[in-house]
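Q: with the sequence up front, the predicted model follows.
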Amino acid sequence: MEPAQRLAAGARLAGDPNAPSGTGAKQNAARPMKKRILTILPLFTACTPTPDNTEPPTIRQTARIASAEITEASGLAQSTRRLDRLWIVNDGGSPPVLHAIATNGETEGSVTLDPGTNVDWEAMASFELDGKSWLLVADTGDNEAVRDISTIYVVEEPPLTENEHAVLPPAWTFSFRWPDGPRDCEAVAVDIANDRILLLSKRAVPAVLYELPLRPASDEVITAARLGTVDSLPQPTADDLERAAPERNWHWQPTAMDIARDGSAAVILTYRAVYHFERSNDEPWMDALRKPATVVDLGSIREAEAVVFVDDGRSLLFTVEAPRAPLYRVQAIR
């Protein structure tokens, strides 16, 4: 998709019986009504309005990642030092490098973790603690469900100068197990108000939410706590599951998650859509994620892998797993 193209996404409520349904982009494209809309308009709009009848959020490509070193983006975070800077990591098997880029996609530098190993880095988060800025990397990918141990890295965010390439040790690192056996996890966020990390499983149906302490008290391997299932996300049908591998279409699987800095909302990204959950006061996150979400359909965008709140939580940025990938903005999410 070129920058001049615009893909709008209508907002609807998850679980709304009147909302459009389907099992993947191919099926969506096959519907006659949507074909007619696409013929007339350069955008796709879902039929259901936002809950307060405001204009639905729109998706627009705003940039393209310039660095040739970012080939398979799997995690994205906004700097807490500079709001015009993003941090991004590659998927497993790549060097243990955190790449700094501007919101226009231009390269701004990098940080190599030493010691550090990218077994299967799948998520990033940023947060402020004790007056300092921190970056978290989650080595939690496990496509084959064979890893007994997963790892969390936390490094202090440096004030990089332009195109500086720093080498830093993690401020702390810890390993953990899942309480119910190996899990593949790509959706991780920091709940800073409660000093914990939230993790959402990818392949379980329905997805399961877990938690870890942000900074464990010991160096021993710990066990994540299971909080419950997030069944507000659309679940695959038996037909979806049967066709997923041949069609390479796992549209229901969560690939990223983020929490707004003020704790008022969370976002979950899947291969099909963006799900935005509002949270009231100090409502438990498990309760907030079980409520109906505002949903923004991704239309023809494939392989969406990383998402982050920007503009004080009013908008989102997300990207896909590809070389020189586009950056997309979801405008007016709230």
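A: Cool, the structure landed. Numbers count the residues shown, from 1 in each chain.
Q: quick one, helices of the stretch 151-300 of the chain?
A: 238-247, 285-288 (DSSP state H, counting those that start in this stretch).
Q: pLDDT of the first one, averaged?
A: Think helix 238-247. Mean pLDDT, computed over helix 238-247, is 93.
Q: give the buried residues for it.
A: 240, 243-244 (16 or more other CB atoms under 10 Å). The way it works is simple: take the backbone N, C-alpha and C, and place the C-beta from them, glycine included.
Q: closest to Leu214 out of those residues?
A: The closest of the buried residues of helix 238-247 to Leu214 turns out to be Ala244 (CB to CB; 34.2 Å).
Q: could you find the closest non-adjacent residue to the closest one?
A: Trp250 (5.1 Å; CB to CB, 6 or more residues apart in numbering).
Q: wait, isn't that neighbour in contact with Arg272?
A: No: Trp250 is not in contact with Arg272 according to CB atoms under 8 Å; the separation is 9.2 Å.
Q: give me the more crowded residue out of these two.
A: More neighbours surround Arg272 than the other of Trp250 and Arg272, with 24 against 18 (other CB atoms under 10 Å).
Q: burial count for the closest residue to the more buried one other than its chain neighbours?
A: Computed as CB to CB, 6+ apart, the closest residue to Arg272 that is not its neighbour in sequence is His251, at 3.7 Å. As a burial measure, His251 scores 22 neighbours (other CB under 10 Å).
Q: next: the one 4 residues further on.
A: Residue neighbour count, defined by other CB under 10 Å, stands at 24 for Thr255.
Q: report pLDDT for it.
A: For Thr255, pLDDT reads 98.
Q: list the contacts of it.
A: Thr255 makes contact with 186-187, 202, 269-271, 304-306, according to CB atoms under 8 Å, 6 or more residues apart in numbering.
Q: that older thread, could you report the pLDDT at the residue nearest to Ala244?
A: Here the pLDDT value assigned to Trp250 is 92.
Q: same thing with Asp142?
A: Looking at Asp142, the pLDDT reads 98.
Q: now Ala14
A: Looking at Ala14, its pLDDT reads 42.
Q: ditto for Thr50
A: Note on Thr50: pLDDT of 50.
Q: equivalent analysis for the one 3 residues further on, please.
A: In the predicted model, Asn53 carries a pLDDT score of 49.
Q: again, but for Ile65
A: Looking at Ile65, its pLDDT is 98.
Q: how many residues are close by it?
A: Neighbour tally, Ile65, other CB under 10 Å: 25.
Q: what sits against it?
A: By CB under 8 Å, 6+ apart, Ile65 lies in contact with 73, 88, 101, 105, 319, 324-327.
Q: now with 6 Å, please.
A: 105, 324-325 (CB atoms under 6 Å, 6 or more residues apart in numbering).
Q: ok so, going back, make CSV out of the helices of the stretch 151-300 of the chain and add distance to Phe277.
A: CSV is the format used below for the helices of the stretch 151-300 of the chain (distance: least, CB to CB, whole Å):
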stretch, distance to Phe277
helix 238-247, 23
helix 285-288, 5
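Q: closest to Leu83 out of those helices?
A: helix 285-288 (24.3 Å).
Q: list the buried ones in the closest one?
A: If you call a residue buried by 16+ other CB under 10 Å, then helix 285-288 has these buried ones: 285, 288.
Q: residues contacting it, please?
A: With contacts defined as CB under 6 Å, 6+ apart, helix 285-288 is touched by 227-228, 277, 279.
Q: which of these sits closest to Ala63?
A: For these, the nearest to Ala63 is Phe277 (26.3 Å; CB to CB).
Q: residues touching the closest one, list them.
A: With CB under 6 Å, 6+ apart, Phe277 has these contacts: 266, 288-289, 293.
Q: so what pLDDT did it get?
A: pLDDT for Phe277: 97.
Q: ok, Ser315 next?
A: You'll see Ser315 listed with a pLDDT of 96.
Q: for the contacts of Thr255, which ChimeraX command selects only the ones that are buried?
A: To isolate the buried ones among the contacts of Thr255 in ChimeraX, judged by 16+ other CB under 10 Å, type:
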select :186,187,202,269,270,271,304,305,306
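Q: make TSV out of the contacts of Thr255 and add pLDDT.
A: Shown next, in TSV, are the contacts of Thr255 (pLDDT from 0 to 100):
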residue	pLDDT
Glu186	98
Ala187	98
Lys202	98
Leu269	98
Thr270	98
Tyr271	97
Ala304	97
Glu305	97
Ala306	98
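Q: tell me the one of the contacts of Thr255 nearest Lys132?
A: Nearest member of the contacts of Thr255 to Lys132, counting by CB to CB, is Ala306, at 23.6 Å.
Q: which one is that closest one nearest to, not counting chain neighbours?
A: Leu76 (3.6 Å).
Q: list the helices and strands the host helix or strand of that neighbour packs on?
A: For Leu76, the enclosing helix or strand under DSSP states H and E is strand 73-78. With contacts taken as 3 or more CB pairs under 6 Å, 6 or more residues apart in numbering; DSSP states H and E, strand 73-78 sits against strand 85-90, strand 123-129, strand 304-310.
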